[in-house]
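> Could you look at this predicted model? Sequence included:
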Amino acid sequence: MSVALRWRPKNLDLELETRRLILLLKETQWSLLAFALYRTVAEREAVARELRERLPLPVQEFTLSEARRNPFDLIQGVKADGRVACFIYDVEEAFPEALGYLNMQRERLAELPHAVVFWVREHGLREIGVQASDFWAWRSGVFDFRAAEERVPLGAVEAAVAEPFTYLDRGDLERRLSLYRGLLEDYSREERPHEVFLAELERKIGLACYYLGEWTEARAHWQQALEISERAGDEGGRAVALHSLGALAQAQGDYAAARRYYEHSLEIDQELGDRAGVSASLHQLGMLAQDQGDYAAARRYYGRSLEIKETLGDLAGVSKSLHNLGALAQAQGDYAAARRYYKESLEIKEALGDRAGVSKSLHNLGALAQDQGDYAAARRYYEQSLEIKEALGDRAGLSKSLHQLGRLAQDQGDYAAARRYYERSLEIREALGDRAGVSKSLHNLGALAQAQGDYAAARRFYQQSVEIKEALGDRAGVAISTGQLGSIAELEGEYVTAVRLWAVALATFEALHSPHADTVRGWFARLRDELGEETFENVLEEAQGDNHERL
């Protein structure tokens, strides 16, 4: 989605430059190289907006960075039926390596039918002219869009930044991040900066970093947004920043911190009468309760949040609530209800064009199909979800899809594939600092080792998982891994240990009203059948020890 900056050059020279560039791009039928000179990012974005609207050919935009230094690799990846205008931003960020690529690989540009515009500041243009002189010699023109005024009117920029944060793919996300960073740099230099606007820029930068998997940087920007909002006395901004910090803490498995952030945000929103903010915090508190296995509390939070969203006509919010109610129903074994919720949520997301949301619904429909033994349908859903996540650059989502594909491979007996999927997922989660995700990967690696008869490795993986879950306060997760440790003990003939561990898991599941309690009761019944009544009673008595309550 293009950022809606509205600006028409008042200066006749700038309007003529715009027309000249449009004419060149339109009339040249083969490869073309142009440079667009700008002073500020706001200025650049305003001109680019005009060109996107007025050009008679499609525009594709790319952002260079330390990680993406070769523009030709990006341009060659363009998939289009005809000629395209390629806008290349932040060229200077890829110096000095980019200068070598420009000079040594210029012939690659001549082989393409596209028109390429490099957006550069004055020092970048000078560096290209000196350090990549062979490439510079191929230019079709240099267009100067440096307006006399050094700022696009702030109101126009504020309106653009206030737009909902949606993006089409990773490239679009990186372009938005570049835009927000550039605006922050430009406007923070003002003698009396607009602090509420700067806080919103910090928040948007943090959001882009979060989606790109740069969680440490996301935290720094959200913390900065919080500090600016506090300094400016912007209570609404404080609530949003606290909410964002809570979501990050939850993603990383720090549930205690997440609750503090959410409850603080909820308190502010209630005082302000911000019902949308209240519903968002209630939703996240529901997710937090569900992550910790408190399903009754999760349902209450989701229900309250959904009621507010329906009253406000917030379709995007309604789709999220329905999705999470589906996940809750699935966790409790009500698959019919889960499917209804997921399908309703998916329909809304598709209508809204919410690709990230669609990928999540497809993922959960895959997990539901897998739970019901429909492996073919599960794989289709997972692969559709994975394709969208890869296009969006959603690393956290990618790790979840890989994890589920691992589970699917394991269920089908393909242990080698399962290990590859789990290890790839674990690697991403460790890089993100996703401790909750790491604990799940370790648990499943334990289940895989158990299925292959490597009980020593299985025990190590389960114990590592339990340690993380205990630190996170994930009671349900601890119980699940503890139950599996009991199963390992049973397989090795350590029946007393197995019964003790199962009893601990059962007590937690019963307290949480979890359907897993029935599974553990089934384990007890199976062991009774295997050992016989008398031996089983002896095992129970020894396992009970000094505990006067009957196991």
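Received, thanks.
> from here on, contacts and neighbour counts on C-alpha atoms
Will do.
> Helix or strand with the lowest mean pLDDT in the chain?
helix 154-161 (a mean of 62; mean pLDDT, DSSP states H and E).
> so after it, what's the next helix or strand?
The helix or strand immediately downstream of helix 154-161 is helix 170-188, counting by DSSP states H and E.
> outside of that following helix, which residues touch it?
Applying CA atoms under 8 Å, 6 or more residues apart in numbering, the contact partners of helix 170-188 are 1, 40-42, 45, 61-63, 89-90, 161, 167, 193-194, 198, 201-202, 204-205, 208-209, 212, 391-394.
> let's see it at 6 Å
Helix 170-188 is contacted by residues 41, 63, 167, 201, 205, 208, 392-393 when judged by CA atoms under 6 Å, 6 or more residues apart in numbering.
> do the same with stretch 62-82
For stretch 62-82, contacts defined as CA under 6 Å, 6+ apart pick out 88-91, 93-94, 98, 175.
> Including secondary structure, neighbour count and pLDDT, could those go into CSV?
Output for these, formatted as CSV (DSSP: H, G, I helix; E, B strand; the rest coil; neighbours: other CA atoms under 10 Å; pLDDT from 0 to 100):
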residue, secondary structure, neighbour count, pLDDT
Ile88, strand, 22, 93
Tyr89, strand, 23, 93
Asp90, coil, 21, 92
Val91, helix, 24, 91
Glu93, helix, 17, 90
Ala94, helix, 18, 90
Ala98, helix, 23, 90
Arg175, helix, 21, 79
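> Pick out the most distant pair among those residues.
For the contacts of stretch 62-82, the farthest-apart pair by CA to CA is Ala98 and Arg175; their separation is 17.8 Å.
> returning to that earlier point: out of the contacts of stretch 62-82, the closest to Gln330 would be?
Arg175 (37.5 Å).
> if I look at the closest one, how far off is Tyr167?
Distance, Arg175 to Tyr167, using CA to CA, to the nearest Å: 10 Å.
> Then Ser188?
Distance from Ser188 to Tyr167, by CA to CA: 25 Å.
> same check, this time on Ala503
Ala503 is 48 Å from Tyr167, by CA to CA.
> Settle it for me: which of these two has more neighbours?
Neighbour comparison, Ala503 and Tyr167: the larger count goes to Ala503, with 22 against 19 (by other CA atoms under 10 Å).
> My reading is that that one lies in a strand. Confirm?
No: going by DSSP: H, G, I helix; E, B strand; the rest coil, the assignment for Ala503 is helix, not a strand.
> Phe118: what's it in contact with?
The contact partners of Phe118, by CA under 6 Å, 6+ apart, come to 35, 88.
> pretty sure Arg435 is in contact with Tyr255, am I right?
No: the criterion here is CA atoms under 6 Å, and Arg435 misses it with Tyr255 at 10.7 Å.
> re the thing from before, okay, the contacts of stretch 62-82 in TSV with distance to Tyr455 next?
Below are these laid out as TSV (distance: CA to CA, whole Å):
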residue	distance to Tyr455
Ile88	54
Tyr89	54
Asp90	53
Val91	54
Glu93	51
Ala94	50
Ala98	52
Arg175	49
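> So for the strand or helix carrying Gln60, what gets flagged as buried?
Here Gln60, judged by DSSP H and E, is contained in strand 59-63. For strand 59-63, a neighbour-count test (16 or more other CA atoms under 10 Å) marks 59-63 as buried.
> Can you name the element that comes right after it?
helix 71-76.
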